[in-house]
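>>> Have a look at this prediction, sequence included:
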Amino acid sequence: MTEEEKSIGFVCLANYCRSPVAENLFKKKFSNSFKVDSAGINPMIAAGMDLRSVKYLKNNDVPHKMHIPKRIDKKFLNSSHIIFAMDTLVLMQLNKIFKNYRNKFKLFTYQHRNLQINDPYKLSNEKYESVMDEIKFVIDSIEIEELC
């Protein structure tokens, strides 16, 4: 299978803060070499992503389109080759809810065992930015060979 045929997914709780940022950082890093999408276990009922996420992407010159939070579903599961769970809670929920897809799930921070990407939704702006920096750090450390 070539990298052009690969599809990568990012999943968090609400598809509002973390997974859309990871999706867009990944797209920028790999220049659309992969099909990339994001979803949530229980998506936020809102148009767009958290404004702090939008600001973070703009401040890092990361292009992005209008985002609408969506729920992970069978189409997302079937079309994704690797699905990164943004934290261990999300990974446990994915494994529990979608048992037949466990072979596709991978903890986003699998290379960084001491790093936990917590949900920043109710955090201060400073802590929120720190979580976004952690997401960028993890994306920056991913090598294309790991994904093929």
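The structure has been received and is ready for your questions. Residues are numbered from 1 along each chain as shown.

>>> State the pLDDT value of Glu4.
At Glu4, the pLDDT value in this model is 48.

>>> tell me the phi and psi of Tyr128?
Backbone torsions of Tyr128, given as degrees, to the nearest 10, read phi -60, psi -50.

>>> how many other residues sit next to it?
Burial measure for Tyr128: 19 neighbouring residues, criterion other CB atoms under 10 Å. All C-beta atoms are positioned from the backbone trio N, CA, C, and that covers glycine.

>>> Contact partners for it?
Residues near Tyr128 by CB atoms under 8 Å, 6 or more residues apart in numbering: Cys17, Asp50, Arg52, Pro120.

>>> Tell me the one of those residues nearest Arg71?
Ranked by distance to Arg71 (CB to CB), the contacts of Tyr128 are led by Cys17 at 15.7 Å.

>>> follow-up on the earlier one: which of the contacts of Tyr128 fall within helices?
Arg52 (DSSP state H).

>>> Please spell out the ChimeraX selection for the buried subset of the contacts of Tyr128.
Typed into ChimeraX, the next command selects the buried ones out of those (criterion: 16 or more other CB atoms under 10 Å):
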select :17,50,52,120
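
>>> Reformat the contacts of Tyr128 as CSV; add pLDDT and distance to Met86.
Below are these laid out as CSV (pLDDT from 0 to 100; distance: CB to CB, whole Å):
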residue, pLDDT, distance to Met86
Cys17, 97, 9
Asp50, 96, 14
Arg52, 98, 16
Pro120, 97, 10
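
>>> With distance to Val11 as new columns, can the contacts of Tyr128 be given to me in JSON lines?
Shown next, in JSON lines, are the contacts of Tyr128 (distance: CB to CB, whole Å):
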{"residue": "Cys17", "distance to Val11": "12"}
{"residue": "Asp50", "distance to Val11": "16"}
{"residue": "Arg52", "distance to Val11": "20"}
{"residue": "Pro120", "distance to Val11": "16"}
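
>>> Point to the helix or strand of the chain where mean pLDDT is at its lowest.
Sorting the helices and strands of the chain by mean pLDDT, DSSP states H and E puts helix 144-147 at the bottom, at a mean of 84.

>>> Could you list the residues in contact with that one?
Under CB under 8 Å, 6+ apart, the answer for helix 144-147 is Glu3, Lys6, Ile8, Phe30, Ser33, Phe34, Ile82.
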